[in-house]
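**Q** fold the following for me, if possible:
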Amino acid sequence: MDRTLTQNPQEHLVSVTAGEVKLEGNLVIPDGATGIVLFAHGSGSSRHSPRNRYVAEVLQQAGLATLLIDLLTLEEEEIDLRTRHLRFDIGLLASRLVGATDWLTQNPDTRHLKVGYFGASTGGGAALVAAAERPEAVQAIVSRGGRPDLAGSALPHVTAPTLLIVGGYDLPVITMNEDALEQLRSPKRLEIVPKATHLFEEPGALTAVAQLASEWFTHYLIPIHEIIDTNSFLCPSAPSASSACLSVSFFK
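**A** As a prediction, the model looks like this:
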């Protein structure tokens with residue numbers, strides 16, 4: 001069956017139950033989607049991160065559903081603004097992702113979808129810990145400028161195929177990701193985006209991240225017989241990125 005890119009799927013504000021708390025999220029489910037990517041934002045960020053929203057838009061146009069959530073409640077965010085400690089509480093952040101994953105697997109609109117994680121910065125570490133706790137549910141992981149070192153002893157227990165993306169100028173984080181790569185036992189790959197820094201703010205850097213993520217998730221979350229129209233292109237406006245369009249013709 002041929003499947004063309006979904007144009008402008010509708011976004012819904014949802015309340016996601018994660019343990020004893022409810023988290024606000026933005027859910028988009030394109031027609032015919034078979035997979036969904038749950039976003040874990042980085043330290044001091046939120047579901048409104050322009051970088052994550054750009055990547056989500058690229059994934060949506062490739063036919064994938066997306067859920068961007070706030071990992072902290074409003075009260076916790078106020079505390080974190082003063083103390084700056086909750087953003088580094090990987091156990092707490094991972095528990096929120098586990099709760100959101102359970103919500104996805106139980107929600108009538110999403111329970112049929114294969115689940116993937118996209119984590120940024122500390123969210124990358126939290127995503128790996130959560131994936132180790134829900135190996136039967138999480139089918140793929142992409143980390144952007146992530147801190148997989150924060151996942152610690154969970155790394156060898158991750159079973160989901162994992163793509164680590166790091167900027168070429170983000171030298172300390174490159175080392176952290178190289179060390180984590182050695183500990184991962186699942187299918188894995190490290191991609192270094194040349195001349196990019198930690199936030200991928202350089203022209204074309206975030207576009208490269210989105211393309212790599214789209215390829216990874218398409219491979220692992222979309223059935224092998226699904227083909228994206230070769231005449232379609234991804235051209236959303238990337239924050240601080242080049243305006244060049246990228247072809248997304250994948251034959252898996």
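**Q** show me what contacts the residue nearest the centre of the chain?
**A** For the chain, the residue lying nearest the average C-alpha position, counting by Cα atoms, centre = their mean, turns out to be Phe118 (1.2 Å). Under the criterion of Cβ atoms under 8 Å, 6 or more residues apart in numbering, the contact list for Phe118 reads 37-40, 52, 55-56, 59, 127, 141-144, 213, 217. Using the backbone N, CA and C atoms, a C-beta is placed for each residue, glycine as well.
**Q** wait, doesn't Leu190 sit right on Val173?
**A** No: the pair Leu190 and Val173 does not pass the contact test of Cβ atoms under 8 Å, sitting 11.1 Å apart.
**Q** between the two, which contacts overlap?
**A** With contacts defined as Cβ under 8 Å, 6+ apart, the residues shared by Leu190 and Val173 are Val166.
**Q** next, count neighbours for Gly32.
**A** A count of nearby residues for Gly32, using other Cβ atoms under 10 Å, gives 12.
**Q** pretty sure it is in a helix, no?
**A** No: for Gly32, which was evaluated using DSSP: H, G, I helix; E, B strand; the rest coil, the result is coil, with no helix membership.
**Q** look at it and report its pLDDT.
**A** The confidence metric pLDDT takes the value 95 at Gly32.
**Q** backbone phi and psi for it, please?
**A** Geometry field for Gly32 lists phi and psi as phi 80, psi 10, criterion degrees, to the nearest 10.
**Q** where's it relative to Pro9, distance?
**A** Gly32 sits at a distance of 10 Å from Pro9 (criterion: Cβ to Cβ, to the nearest Å).
**Q** also Val37?
**A** Taking Cβ to Cβ, one finds Val37 at 13 Å from Pro9.
**Q** ok, now Gly99?
**A** Taking Cβ to Cβ as the measure, Gly99 falls 25 Å from Pro9.
**Q** which single one of the contacts of Phe118 is nearest to Pro108?
**A** The shortest gap between Pro108 and any of these belongs to Leu38, at 17.1 Å (Cβ to Cβ).
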